[in-house]
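**Student:** here is the input, now give the coordinates:
(one chain, ligands or ions: 1)
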Amino acid sequence: MYRLLSHNDLDGVGCGILAKLAFGKDIRVRYNSIASLNREVEWFLENGNQDTFLFITDLSVNEENEKNLEEFYQAGGKVQFLDHHKTALHFNEYEWGHVVVEDEEGKLTSATSLFYEYLVGKKLLKATEALTEFVDHVRQYDTWEWEKNENQTARQLNALFFLVSIEEFEDIMLERLQKSDHFYFDDFEKKILGMEDHKIDRYIRRKKRQLVQTKIGEHYAGIVYAESYHSELGNELGKEYPHLDYIVILNMGGKRAGFRTIHDHVDVSEVAGRFSGGGHAKASGCSLNNDAYKLFVTDTFHLDALREDAKRNRYNLKHASFGSMYKNRTEAFFLIFPEDDDRWVIEQNQTEIDQTFYTFEEAENFLKRNYEAWLVKDDTFVRHLMEKLGKINRD
Ligand SMILES: [Mn+2]
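**Tutor:** Model prediction:
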């Protein structure tokens, strides 16, 4: 008999689907949250049969289970641990541990891609075109590589995963992967996935107007409350407000904080680590313990939300040689413009501030971090210029 304990996200369930294809009725699969995995492992070690082969995928166990698994293995127990989280790399010390974050070609791995490689390598599963495609969609979604590749199938595969129950998702995929030459969505799925895309768009648009900014240590963070679509949200908010080092998504119902960044200079697994959480460099999470609650909720609840930059301007544009106009909540006006030798300067209410910048982006970052200013709409821009002109004419 085989037993699989895996994560309850798309990557974790991808492992379950592969396990069922490989072992059929001989495997029992259970999907876990980060918290419930340790209980399951404890239960297995206390009650499990020495003949049952245990797989653990996409999640890490605590130190006690780590020690007990090693004992179980040394006593002849069969266990294989497969993961791709940086925080689990120390499991490679064990013969039963296999943790790879990036493969030899520099491609990011996922639990599903590692498990596929393992099963095919051990001749427990036959590689097919459809399976290879499915595994790579899961991998691209989990590593966020889909975005760079504009792989909408990967994104929609995850959306479908959340639209149906895990059991339904398994059933659909098991049948499709066994029967078809290629991975695909049927017409009904395409229709509901289209509707879901619109719903996500509206949700994200609303959340963009609820984000507050705060400084934590040397980093600037954006904080938002949200129960759903954390990955999409983290990514879209990160792109809308690139001056923020990372985005904190608070799920009050789940009493958890998620951290996302689109930047390479920040490692959010470190941020989560400060609150006993973990994860990847670009996506991580922790429980809302007292410290995290105070920092992210108590200390920021009174703050006003950031304002988005004007999007449909024809005149007041970023990088403009005659200047880009910003404004903040205190009604201060700012102008970013280039000065002779490739330096960008900021003028606040017609007075230049001391600091100068090499690029427009640097200047804008400074402005947004320190003044929470936004690019004003054309009509404000024009009105402001007219007033200035009027003043000059009167003088
Ligand atoms: Mn994963």
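**Student:** how far away is Val345 from the ion?
**Tutor:** Note on Val345: its distance to the ion, by Cβ to the ion, to the nearest Å, is 46 Å. In this view, the C-beta of every residue, glycine as well, is placed from N, C-alpha and C.
**Student:** for that residue, give me its contacts.
**Tutor:** 336-339, 352-353, 356-357, 363 (Cβ atoms under 8 Å, 6 or more residues apart in numbering).
**Student:** you'd agree it is in a strand?
**Tutor:** Yes - applying DSSP: H, G, I helix; E, B strand; the rest coil, one finds Val345 inside a strand.
**Student:** domain assignment for this protein?
**Tutor:** Per automatic domain parsing, the structural domains of the chain span 2-185, 210-298, 324-394.
**Student:** helix or strand for the residue in the stretch 1-150 of the chain positioned nearest to the ion, which one?
**Tutor:** The stretch 1-150 of the chain approaches the ion most closely through Asp11 (3.4 Å), counting by Cβ to the ion. In this assignment (DSSP states H and E), Asp11 forms part of helix 10-23.
**Student:** please name every helix or strand in contact with the longest helix anywhere in the chain.
**Tutor:** Longest helix in the chain, counting residues (DSSP state H): helix 187-208. With contacts taken as 3 or more Cβ pairs under 8 Å, 6 or more residues apart in numbering; DSSP states H and E, helix 187-208 sits against helix 152-163, helix 230-240.
**Student:** tabulate those helices (JSON lines), appending mean pLDDT, distance to the ion and mean neighbour count.
**Tutor:** As requested, those are exported to JSON lines (pLDDT from 0 to 100; distance: least, Cβ to the ion, whole Å; neighbours: other Cβ atoms under 10 Å):
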{"stretch": "helix 152-163", "mean pLDDT": "95", "distance to the ion": "12", "mean neighbour count": "19"}
{"stretch": "helix 230-240", "mean pLDDT": "94", "distance to the ion": "12", "mean neighbour count": "20"}
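**Student:** now for those helices, which one comes closest to Arg139?
**Tutor:** Arg139 lies closest to helix 152-163 among the helices and strands packed on helix 187-208, at 8.3 Å (Cβ to Cβ).
**Student:** compute the mean per-residue pLDDT across the helix or strand following the closest one, please.
**Tutor:** Per DSSP H and E, the first helix or strand lying C-terminal to helix 152-163 is helix 166-179. Averaged across helix 166-179, pLDDT comes to 97.
**Student:** before we move on, what about stretch 380-395?
**Tutor:** Confidence for stretch 380-395, expressed as mean pLDDT, is 81.
**Student:** stretch 366-377 too?
**Tutor:** pLDDT averaged over stretch 366-377 gives 97.
**Student:** and it, what's buried?
**Tutor:** Neighbour-count burial for stretch 366-377 flags 366-368, 371-377 (criterion: 16 or more other Cβ atoms under 10 Å).
**Student:** same deal with stretch 90-97?
**Tutor:** Within stretch 90-97, the residues that count as buried by 16+ other Cβ under 10 Å are 91, 94, 96-97.
**Student:** one more: stretch 62-72?
**Tutor:** In stretch 62-72, counting by 16+ other Cβ under 10 Å, buried: 65-66, 68-70, 72.
**Student:** may I see those organised as CSV, with secondary structure and distance to the ion added?
**Tutor:** What follows is the buried residues of stretch 62-72, written out as CSV (DSSP: H, G, I helix; E, B strand; the rest coil; distance: Cβ to the ion, whole Å):
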residue, secondary structure, distance to the ion
Asn65, helix, 19
Glu66, helix, 19
Asn68, helix, 24
Leu69, helix, 20
Glu70, helix, 23
Phe72, helix, 24
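**Student:** from the chain's centroid, how far away is stretch 365-377?
**Tutor:** Mean-position distance between stretch 365-377 and its chain equals 25 Å (Cα atoms, centre = their mean, to the nearest Å).
**Student:** could you do stretch 371-391 as well?
**Tutor:** Using Cα atoms, centre = their mean, the distance between the centre of stretch 371-391 and that of its chain works out at 37 Å.
**Student:** just stretch 308-316 next, same as before
**Tutor:** Mean-position distance between stretch 308-316 and its chain equals 28 Å (Cα atoms, centre = their mean).
**Student:** could you check it and say which residues are buried?
**Tutor:** For stretch 308-316, burial by neighbour count (16+ other Cβ under 10 Å) applies to 309-310, 313, 316.
**Student:** now swap in stretch 253-261 and tell me
**Tutor:** 256-261.
**Student:** farthest-separated two in those residues?
**Tutor:** Arg256 and Thr261 (17.2 Å).
**Student:** re earlier: got TSV for the domains of the chain, with distance to Met195 too?
**Tutor:** Shown next, in TSV, are the domains of the chain (distance: least, Cβ to Cβ, whole Å):
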stretch	distance to Met195
domain 2-185	10
domain 210-298	14
domain 324-394	32
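**Student:** Lys191: which of these is closest?
**Tutor:** Relative to Lys191, the nearest member of the domains of the chain by Cβ to Cβ is domain 2-185, separated by 9.5 Å.
**Student:** and the helix or strand encompassing Val138, what other elements does it pack with?
**Tutor:** Assigned by DSSP H and E, Val138 falls within helix 129-143. Secondary-structure packing of helix 129-143 (3+ Cβ pairs under 8 Å, 6+ apart): helix 10-23, helix 111-121, helix 145-149, helix 152-163, helix 166-179.
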